[in-house]
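J.: Sequence below, structure please.
(chains A and B)
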Amino acid sequence: MSYLLPHLHSGWAVDQAILAEEERLVLIRFGHDWDETCMQMDEVLASVAETLKNFAVIYLVDITEVPDFNTMYELYDPSTIMFFFRNKHIMIDLGTGNNNKINWAMKDKQEFIDIVETVYRGARKGRGLVIAPKDYSTKYRY
Amino acid sequence: MVYVQSPFKKTLAVNLNPATTTLRDLNLHLHRYHLIPISHQRLYLSPRLLSTEGNDAVFLSDLGVSPNSTLTLHVPLLGGMQAPVAPKARTDFLNTKPPPNYVAGLGRGATGFTTRSDIGPARAAPDLPDRSAAAIGAPGAPGVGRGRGKGAGEEEEEEESEEKGYDENQKFDEFEGNDAGLFASAEYDDEDREADAVWEAIDNRMDSRRKDRREARLKEEIEKYRASNPKITEQFADLKRKLHTMSNDEWDSIPEIGDYSLRNKKKRFESFVPVPDTLLEKARQEKEHVSALDPKSRAAGGTETPWAQTPVTDLTAVGEGRGTVLSLKLDRLSDSVSGLTVVDPKGYLTDLKSMKITSDAEVSDINKARLLLKSVTQTNPKHPHGWIAAARLEEVAGKLQASQHLIRKGCEECPKSEDVWLEACRLASHVDAKAVIARGVKAIPNSVKLWMQAAKLELDDVNKSRVLRKGLEHIPDSVRLWKAVVELANEEDARLLLQRAVECCPLHVELWLALARLETYENAKKVLNKAREKLSKEPAIWITAAKLEEANGNTSMVGKIIERGIRALQRESVEIDREMWMKEAEAAERAGSVATCQAIIHNTVEVGVEEEDRKRTWVADAEECKKRGSIETARAIYAHALTVFLTKKSIWLKAAQLEKSHGTRESLDALLRKAVTYIPHAEVLWLMGAKEKWLAGDVPAARAILQEAYAAIPNSEEIWLAAFKLEFENHEPERARMLLAKARERGGTERVWMKSAIVERELGNIAEERRLLDEGLERFPSFFKLWLMLGQLEERLKNLERAKDAYELGLKHCPKSIPLWLSLAHLEEKVNNALSKARAVLTMARKKNPQTPELWLAAVRAESRRGEKKDAEILMAKALQECPTSGILWAASIEMAPRPQQKTKSRDAYKKCGDDPHVLAAVGKIFWHDRKVDKARSWFNRAVTLAPDIGDFWALYYKFELQHGGEDTQKDVLNRCIAADPKHGEKWQGISKAVENSHQPTESILKKVVVAIGKEDHAAETGKN
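T.: Below is the predicted model of the structure:
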C-alpha cells in the first residue's frame, strides 16, 4: 500500500519534511517498498494515515535511494519507523532496548495509533522520550 | 575572515574569502548557523544593505566586503497581518531539488545515535564548523556542477510549481543558490568541466598560498584563547598531582553530595483552597443521626437500609479495610520472599478470640476476620491454630457446616496436631465425633489428650475403660490414662491395674501411693519399700509409710520412720523445705494421723531456721496453724518450742492460750503445771492456773495453787489480790479480810486499801470502812478512788455536807479526776436542787480539764434535766466545738435532736467519728425506732464488737433482740455478753457497782440494765409527750 503514502526521494527532502512541520508529528518509515516487512507496515500506515492526519504526517523513504541517513540512524533493519517533532527526534521506550525507533512491522492498527498519539502528546509537552502504552519486549513473545 | 554581528548581540567570525564567496553562500551559512530563513536575512555593511535582489550571486568583495570587515545581520520585524500558514501547505520539498552540496541532516542539525557500535560509527562527520568552513571555502565544488547537470529534468516540475502559483524566481533563489542563475538550464559539458577544474586548481593554489600563515595564526589565536581561558583540569593540575598523598580515610571522609536537584526540593509553599460550604454541609449531614425512617426505607422493611440508597457510607471503614488487605498482601509477599512467616499468627488469633459477635452489625467484622483467617490458612496451612480459629469463627457466625468443613481441611493439612483433632471432634455431631476421634487417634496414636477425649465420648464405663486400655497399649507411660482407667475400675481391678501401672511409670508417686492404699498392711509396706527404692527423693512416700504405721497402731514406729525418712532425704541431698513439710503435717493432722503430724513437726520444725529467729518463727508458725485450724500442728510446734525454750514465759502463755481455747481443761492444767515448775516466778501463769481451777469450781485447788504461788513469789500483790478475790467472791469475807490485813501489813499499795474498804462496805461496817479509807488517804492522798469512796460513804449516810467536803478535798489533791468532779456536781445538784452551784462546779471542772467530753456531757445533761432545752443545746454545740471527735457527745447530740433531724445529725456524727461505738449504738437506736430491724442489728453488732467492754451497748443490743429477735439470737447475745464480761458503761457501772448487786453474774446485771434502760426510755417518752 506504499503507493498511497508520500515518498521522500532525497536527504534534502527528508530534512525539509522534518523542518516543515510545525504542529504535527513527522513519522518516517525507512525501508524498501518491496520488502515484506515494509509491506505489512505500510498496510497499517496507509490505513491509519487519514486517522492521524491532524497530528501526524507519514512519509516513506527508500533507504537505497536515500542512503544519507543509514549510518546516522543505523538503518539496517528491513523496516524502521522514526518520529520527529519540530526538528527533534522523539524517542519511544518500547521495552525493546532500542528507544530510537520501531524496527519491526506493527500489525495492529489501534496499537500503532496509540503509540503515535502517545508520542505526539509527549512531544507537545517537550518530552524527548515517551513511554509506549504497551511493552514490546521479547519476554511477552516467548 | 569576515565578522557577522548577529541579532543575538554576538559576533560570528566566518572564515571565508570575500573574493570567492557569494552573498548567497554567506546567507546559507548563516541559515545553517542561526536557523534564520534566508528570505529573512538582511545583511548590512555599515549603513548599506547588501541583501537586495540580484545580489545573491555577487561575490562579497564586489559588494565592498573586505577581509576582516564586519557585517550586521538584521532580521526584519514582520508585524501585521501575515496569512496564517496551513499545516499542510508545505509539501513543496517533495518536488524540489536539494541544494547543491547538501549534506543530508546537516541542514536541520540532525545528530545520529549509536546503539550498535559493532556495526559502525553512526556519526559520520567531524565537527560542524570546520565542515561548513570548508564547504564555503570551496565554492566550486563538484556538487555545483552536478546540480547543474541535474537541471535537465527540472523544467516540467517548474511548470507544475507555476500552477501552484509560486514565484519561480523566488523559489529558485531560495533553493538553488546563485550559481544556477544564468546558465542553470545549460548543458554541463566538457568545457564546463574543464573550466571547473581550472577554477578548482586556482582555488587550491590560492588557498595553499596563505595556508601556512593562516594556520599559524589560527594556532596562535587558539593558544591565546587557551591561555586566557584555562581548562579546569589545567587549573587544578597541581592539586591533582598531590592526590596520591591522600589516605584511604581521607577519601572516605569526603562527604557524599546530597540530592539537590530541583525536582526533589520541597515546594516553598503550597496553596490552600478554602473548603467549600457544600462539602462541610455534606459532612455534617453524614454525621447526623436520623431518627425517623423515610418512606422508602420503611417500604424496604424499616430497619435495614436498602442497597441502592446508600452506596457506601462508612468511608473510613472502607479505607481501613483496604489498608488491612494491603498489609496482608504485603505480609504475604514478604513471606514468599524470605520463606519465614512475618505474621504472628498466635498474636492475631488471640485478637480474634476476643472478638464476640453480638449483633448483625458485626457481620462486617466477621467478614474481616474471615478474610484474615483465610489468609492465615493459605499462607501457612500447616499452622493448626489458624484452622481452629477459622472453624471457631464460622461456628460463632452460626455456620456449623462451614466450620466443620474448615476443620476437616485443617485435619487433612495438619494431621499431627492434636488440637485440630480435638476441635474437629468438638465441632462434629455426636455420631460423627467418634469417627473423627478414631481417625485422630490413628493419626497420632501417642496423644494422651485424644485418647482421653475418645474415652469421654463413650457413654458407659465398660467402653470407656476399653478405649483407655487401648490407649495404654500405645502409651503405656501416660499417668493420666492410668489414672482414668483406675478410676473406672472396681477395687480389685484397680489394684491389679495399679500394680501394672507402677511398673510402667515407676516415677509417679501418686500411683504408688494409690496402690499402697489399696493393699493390705503387709503388702502396702512392701509396695512402699519398693516405691522408696524407685523414688528415693520423694517425701510423700515416707509420710504415707508413717501414716500407714499409725493407722495400724504402731505409733512408736511413726517417729522413727519420719526421722529415718528425713535423714534419707538429706542423704539424697533433697532440700528439706520447711513450709512444705509443715503443710504435710497439717494434711496429716486433717487426715487424722496426729502422731505423724507431731513426728513431722518434731523433725522438721528446726530445719532452716536461724538460731536467733527460732522463737519468733515458731510462734508465728504456731499462730498461723492455729488460725488455719490445725490445732495439733500448733500444739506440736509449741511442744517442740517449749522443749527448747523452757524458761520463756511468752511461749508458755501462748501454749496455754492455745490449750484454753482449743484444748481440754486437763491438758491446760497439765501444761500450766509444767509451766510453773519451769518458771515459778511467772505470776501470770500461777494466776491463770488458779483461775482455771476456780472456773472449774474447784475452789480448794485454786486456793492451793495460790498458796503455792505465794510460796514461790511471796511479795506479789497480784497474788494477794487474786487470793482475796477468790475468797471474796466465794463468800468468805473473813478470809478475805484476813488476807487483806496481811497484805496491808506487808505494805500493799493503794489497791489493797481500796479493796479492804470495799470488803468493809460490803459487810456494812461503816466505822471500819471509814477508818480504812482515812488510813488509806493518809498514805495515798492522790488516789482519787479512795476520795470517791469516802464521798460516797458520806452520801450513803446522808451526810451531804461531809460528802461535799470529801469531794472537794479530793479535788484539791487530784484536780484531774473527772469522776470526782462529776460526783461533786451531782451532789451539788442534789443538795440545793438548784442548778447554779452545779453549773459553777462543772465550769470549773472544764476549765481545769479542757476537752473532756464527760464534763460537757454532764453539763448538758444537767441542763436538760432541768428542762432548759435551749441552754442544753447551746452547751452541746459548744461541747462539740471543743471536742469534735467525741463519740459520747455526738451520740448524746443525736439523741437530743428532734426526730426529723436525727438522721442528718447521725450522718454528721458518722462522718466525724465513724468508728466510735457510741455513735454506732446511737445510729442503731435510730434504726430501731424506725423498725429497720436488720440494719439496727448490724449497727448494734458493730458497736458491741468495737467495744465489748462497755455493758450499755450489750444491754441495748439485748433489749433490741428481746423486742425483735428470736430466742436464738437473744441467747447468742447473752452468751456473747457473758463471754465479753463487760465492766464499763455509764449505766452498767451504775448498776454493777451498786452494793446490792455485787457478786451478781453478768447475766443478771445485763437484765437489770435492760430494765433500767426500759424505764428510762419510758420516762423519756412520757417526758417528751
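J.: Tell me the residues of chain A that contact chain B?
T.: For chain A, the residues in contact with chain B (CB under 8 Å from any CB of the partner chain) are A:6, A:8-24, A:57, A:66, A:68-69, A:71-74, A:76, A:87, A:89, A:98, A:100. (Each C-beta comes from the backbone N, C-alpha and C, glycine too.)
J.: and residue B:228, how many neighbours does it have?
T.: 7 (other CB atoms under 10 Å in any protein chain shown).
J.: what's the answer for residue B:1017, then?
T.: 12.
J.: try residue B:8
T.: Residue B:8, neighbours per other CB under 10 Å, totals 10.
J.: any weak-confidence spans in chain A?
T.: A:139-142 (pLDDT under 70).
J.: center of it, which residue is that?
T.: Nearest to the geometric centre of chain A sits residue A:81, at 2.8 Å (CA atoms, centre = their mean).
J.: What does that residue show for phi and psi?
T.: Backbone torsions of residue A:81, given as degrees, to the nearest 10, read phi -120, psi 130.
J.: Next: residue B:97.
T.: phi -90, psi 150.
J.: quick one: what helix or strand has residue B:392 in it?
T.: Assigned by DSSP states H and E, residue B:392 belongs to helix B:384-396.
J.: Identify all contacting residues around the helix or strand just after that helix.
T.: Next helix or strand after helix B:384-396 toward the C-terminus (DSSP H and E): helix B:400-413. Helix B:400-413 has contacts (CB atoms under 8 Å, 6 or more residues apart in numbering or on different chains) with B:377, B:381-382, B:384, B:386-388, B:390-395, B:420-421, B:423-424, B:427-428, B:436, B:439-440, B:443.
J.: what's the angle between the very next helix or strand once past helix B:400-413 and helix B:400-413?
T.: Next helix or strand after helix B:400-413 toward the C-terminus (DSSP H and E): helix B:418-427. For helix B:418-427 against helix B:400-413, the angle by axes from the mean of the first three to the mean of the last three CA atoms, to 10 degrees is 150 degrees.
J.: Helix B:418-427 vs helix B:384-396, what angle?
T.: Going by the same axes, to 10 degrees, helix B:418-427 makes 20 degrees with helix B:384-396.
J.: Which of the residues in helix B:418-427 are classified as buried?
T.: By neighbour count on 16 or more other CB atoms under 10 Å in any protein chain shown, the buried set for helix B:418-427 is B:418, B:419, B:420, B:421, B:422, B:423, B:424, B:425, B:427.
J.: now do stretch B:878-898
T.: B:879-880, B:882-883, B:886-894, B:896-897.
J.: Out of those residues, the closest to chain A would be?
T.: residue B:890 (94.1 Å; CB to the nearest CB).
J.: residues touching the residue nearest to that closest one when sequence neighbours are not counted, list them.
T.: Using CB to CB, 6 or more residues apart in numbering or on different chains and skipping the chain neighbours, the partner closest in space to residue B:890 is residue B:909 (3.7 Å). Applying CB under 8 Å, 6+ apart, we find residue B:909 in contact with B:887, B:890, B:891, B:893, B:894, B:919, B:922, B:923.
J.: Would you map the strands across the chain?
T.: No chain in the question, so chain A it is. A:7-8, A:25-31, A:56-62, A:79-85, A:89-93, A:129-131 (DSSP state E).
J.: other chain: chain B
T.: Under DSSP E, chain B gives strands at B:2-5, B:11-14, B:42-45, B:48-49, B:70-74.
J.: which of those has the lowest average pLDDT?
T.: Mean pLDDT values for the strands of chain B show the minimum at strand B:48-49, a mean of 74.
J.: in the stretch 451-600 of chain B, what residue is nearest chain A?
T.: Taking CB to the nearest CB, the stretch 451-600 of chain B has residue B:453 as its residue nearest chain A, at 55.6 Å.
J.: mind listing what that residue touches?
T.: Here residue B:453 is in contact with B:421, B:422, B:425, B:437 (CB under 8 Å, 6+ apart).
J.: same thing but at 10 Å, please
T.: B:418, B:421, B:422, B:425, B:426, B:433, B:436, B:437, B:440, B:441, B:447, B:467 (CB atoms under 10 Å, 6 or more residues apart in numbering or on different chains).
J.: Widest-spaced pair of those residues?
T.: Maximum pairwise distance among the contacts of residue B:453 (CB to CB): 17.4 Å, between B:426 and B:467.
J.: Contact partners for residue B:686?
T.: By CB under 10 Å, 6+ apart, the neighbours of residue B:686 are B:672, B:675-676, B:679-680, B:705-706, B:708-710, B:712-713, B:716, B:718-719, B:722.
J.: and the residue in chain A positioned nearest to chain B, how many neighbours does it have?
T.: Ranking the residues of chain A by distance to chain B (CB to the nearest CB) places residue A:11 first, at 2.3 Å. Residues lying near residue A:11 (other CB under 10 Å) number 22.
J.: same check, this time on residue B:42
T.: 16.
J.: How about the one 3 residues further on?
T.: The burial metric for residue B:45, expressed as a neighbour count using other CB under 10 Å, is 17.
J.: Mind listing the residues bridging to it?
T.: Listed beta-bridge partners, residue B:45: residue B:48, residue B:71 (assigned using DSSP bridges).
J.: picking up where we left off before, distance to residue B:854 added to the strands of chain A, as a markdown table?
T.: What follows is those, written out as a markdown table (distance: least, CB to CB, whole Å):
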| stretch | distance to residue B:854 |
| --- | --- |
| strand A:7-8 | 132 |
| strand A:25-31 | 118 |
| strand A:56-62 | 119 |
| strand A:79-85 | 116 |
| strand A:89-93 | 108 |
| strand A:129-131 | 105 |
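J.: so where is the stretch 901-1025 of chain B shaky, pLDDT-wise?
T.: B:995-996, B:998-999, B:1020-1025.
J.: For chain A, what's its nearest residue on it.
T.: residue B:911 (84.3 Å).
J.: List the residues that contact that residue.
T.: Residue B:911 neighbours (CB under 10 Å, 6+ apart): B:890, B:919.
J.: give me the number of residues near residue 31?
T.: By default, I'm working from chain A. 26.
J.: You answered for a different chain; I wanted chain B.
T.: Quick note: residue B:31 (other CB under 10 Å) scores 16 neighbours.
J.: do the same with residue B:330
T.: Residue B:330, neighbours per other CB under 10 Å, totals 11.
J.: Next one: it, what pLDDT does it get?
T.: pLDDT at residue B:330 comes out at 73.
J.: what's the burial count for residue A:117?
T.: That count, for residue A:117 with other CB under 10 Å as the rule, works out to 16.
J.: Any chance of the backbone angles for the spatially closest residue to it that is not a sequence neighbour?
T.: Excluding its sequence neighbours, the residue lying closest to residue A:117 (CB to CB, 6+ apart) is residue A:55, at 7.4 Å. Main-chain torsions, residue A:55, degrees, to the nearest 10: phi -130, psi 0.
J.: from memory residue A:55 sits against residue A:23, does it?
T.: Yes: assessed by CB atoms under 10 Å, residue A:55 is found in contact with residue A:23 at 7.9 Å.
J.: Who has more neighbours out of the two?
T.: residue A:55 (18 against 12).
J.: what sits against the more buried one?
T.: A:23, A:24, A:25, A:85, A:116, A:117, A:119, A:120, A:121, A:123, A:124, B:87.
J.: which one is the third one nearest to, not counting chain neighbours?
T.: Put plainly, it is residue A:25. residue A:56 (4.0 Å).
J.: By proximity to chain A, which residue of chain B wins?
T.: residue B:104 (2.3 Å).
J.: okay, now that residue: neighbour count?
T.: Count around residue B:104 with other CB under 10 Å applied: 19.
J.: so what's it up against?
T.: Counting by CB under 10 Å, 6+ apart, residue B:104 has contacts A:10-15, A:66-69, A:72, B:98, B:110.
J.: quick one: residue B:900 from residue B:395, how far?
T.: Residue B:900 sits at a distance of 63 Å from residue B:395 (criterion: CB to CB, to the nearest Å).
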